[in-house]
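**Student:** sequence first, predicted model second:
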Amino acid sequence: MSSDKDQVRQVLGIMASEVRYTQFLKYFLESAEQQYFVGYRVRYYIFTDKPEEIPLVKLGNERYLTVIKVPSSNRWQEITLRRMEKVEKLIESLLANEADYVFSLDVDTKFYGHWGAESLGRLVGAIHPGYYKTSRNQFPYERRPESHAFIPLEEGDYYYGGAVIGGLVKDVLQLAKTCRKQLEADAAKSIEAVWQEESHLNKYFIYNKPSKLLSPEYLWQDLKAKTKEVKVIRFSQVIKNYAAVRPNP
Ligand SMILES: CC(=O)N[C@H]1[C@@H](OP(=O)(O)OP(=O)(O)OC[C@H]2O[C@@H](n3ccc(=O)[nH]c3=O)[C@H](O)[C@@H]2O)O[C@H](CO)[C@H](O)[C@@H]1O
Ligand SMILES: [Mn+2]
């Protein structure tokens, strides 16, 4: 696959920023302008219940931002659960003919280092920074057989973070659609997977393996101590006061 700049029509970042998460957007966008696909056509899509709180950030040449208003939720689990549905709808309604690649990203994050074409692939996942040293039977996969996200102890390759999902628009659509259906099937049985959409993502990746794995360089957490093995941190979750930013405990 060539990822030459002229052959990539557009790369997109999709993120949810609901309830009090708009406060993270200024740093997210400012740092993305410095690091994320610089030199490519990029369009950010931001889902929010508070469009008036989206900060004005100066965007570079051929970089655009679209705000999509969504209803408010009272449960943070609801917000993350519905990300798959948002990604699916957005790709179906807008992106199919507009872009080649898409990434869904958490907004409570900052870019500290270059993130470019080396991250592109048909289907892209990132290894969760909390579990790259953990053995498989300790991964926080959904372990209740009643859930569609269920993974038995002897299955699975890695534990992937829900904060970074990417790939070709067509492949990300397939992922989002499948996970959305599984989430709905669980909801119909009144079961919510232990890590919501992240649990379903992990299940999907067992049977539909990512063609590219991003190391925890691409998904770090500011609160984690620096380690010898991860030398460059490119994208990292900021430290947040969960009680202050989420709508419920
Ligand atoms: C590092 C990583 O992989 N983090 C994942 C993890 O915890 P996190 O603690 O990172 O979850 P989180 O609170 O950041 O929520 C995920 C994302 O949902 C959005 N949001 C959430 C709550 C809210 O009130 N408003 C709002 O806009 C926002 O874009 C946020 O970045 O587990 C979540 C599922 O449970 C997601 O899979 C996250 O991606
Ligand atoms: Mn997050």
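**Tutor:** It's in. Residues are numbered from 1 along each chain as shown. Ligands and ions are numbered 1, 2, ... in the order given.
**Student:** identify the residues contacting the residue in the chain that ligand 2 sits nearest to.
**Tutor:** Across the chain, the shortest distance to ligand 2 (CB to the ion) belongs to residue 106, at 3.6 Å. To be clear about C-beta, it is placed using only N, CA and C from the backbone, and glycine gets the same treatment. Each residue near residue 106 by CB atoms under 8 Å, 6 or more residues apart in numbering is listed here: 15, 162, 163, 164, 237.
**Student:** next one: residue 157
**Tutor:** The contact partners of residue 157, taken as CB under 8 Å, 6+ apart, are 136, 205, 206, 209.
**Student:** direction included, what does the helix or strand bottoming out on mean pLDDT in the chain pair up with?
**Tutor:** None of the helices or strands of the chain scores lower by mean pLDDT, DSSP states H and E than strand 11-16, at a mean of 79. If you go by DSSP bridges, strand 11-16 pairs up with strand 42-48 (parallel), strand 101-105 (parallel).
**Student:** please tell me how far the nearest residue in space to residue 240 that is not next to it in sequence sits from ligand 1.
**Tutor:** Excluding the flanking residues, the one nearest residue 240 by CB to CB, 6 or more residues apart in numbering is residue 108, at 5.5 Å. Taking CB to the nearest ligand atom, to the nearest Å as the measure, residue 108 falls 4 Å from ligand 1.
**Student:** and what of residue 14?
**Tutor:** Counting by CB to the nearest ligand atom, the gap from residue 14 to ligand 1 is 10 Å.
**Student:** just residue 42 next, same as before
**Tutor:** Per CB to the nearest ligand atom, residue 42 is found 18 Å from ligand 1.
**Student:** for that residue, which non-adjacent residue is closest in space?
**Tutor:** residue 63 (4.8 Å).
**Student:** thinking again about what came up before, from the contacts of residue 157, which two are the most distant?
**Tutor:** Within the contacts of residue 157, 136 and 209 form the most distant pair, 15.0 Å apart (CB to CB).
**Student:** just to revisit the earlier point, so what pLDDT did the residue nearest to residue 42 get?
**Tutor:** On the pLDDT scale, residue 63 is placed at 94.
**Student:** what does the one 10 residues further on give?
**Tutor:** Note for residue 73: predicted pLDDT of 88.
**Student:** so who does the residue of the chain found nearest ligand 1 touch?
**Tutor:** Residue of the chain nearest ligand 1, by CB to the nearest ligand atom: residue 162 (2.1 Å). By CB under 8 Å, 6+ apart, the contact list for residue 162 reads 80, 83, 106, 195, 196, 197, 198, 201.
**Student:** give me the pLDDT for it.
**Tutor:** Looking at residue 162, its pLDDT is 97.
**Student:** same deal with residue 98?
**Tutor:** On pLDDT, residue 98 comes in at 85.
**Student:** right, and it touches residue 9 too?
**Tutor:** Yes. If you go by CB atoms under 8 Å, residue 98 and residue 9 touch, sitting 7.3 Å apart.
**Student:** mutual contacts of the two, please.
**Tutor:** Common neighbours of residue 98 and residue 9 (CB under 8 Å, 6+ apart) do not exist.
**Student:** which strand is the longest one in the protein?
**Tutor:** The residue-count maximum for a strand in the chain (DSSP state E) belongs to strand 160-168.
**Student:** and the angle from it to strand 101-105?
**Tutor:** Between strand 160-168 and strand 101-105, the angle comes out at 160 degrees (axes from the mean of the first three to the mean of the last three CA atoms, to 10 degrees).
**Student:** what is the helix or strand containing residue 80 packed up against?
**Tutor:** Element membership for residue 80 (DSSP states H and E) is helix 76-81. Applying 3 or more CB pairs under 8 Å, 6 or more residues apart in numbering; DSSP states H and E, one finds that helix 76-81 makes contact with helix 196-207.
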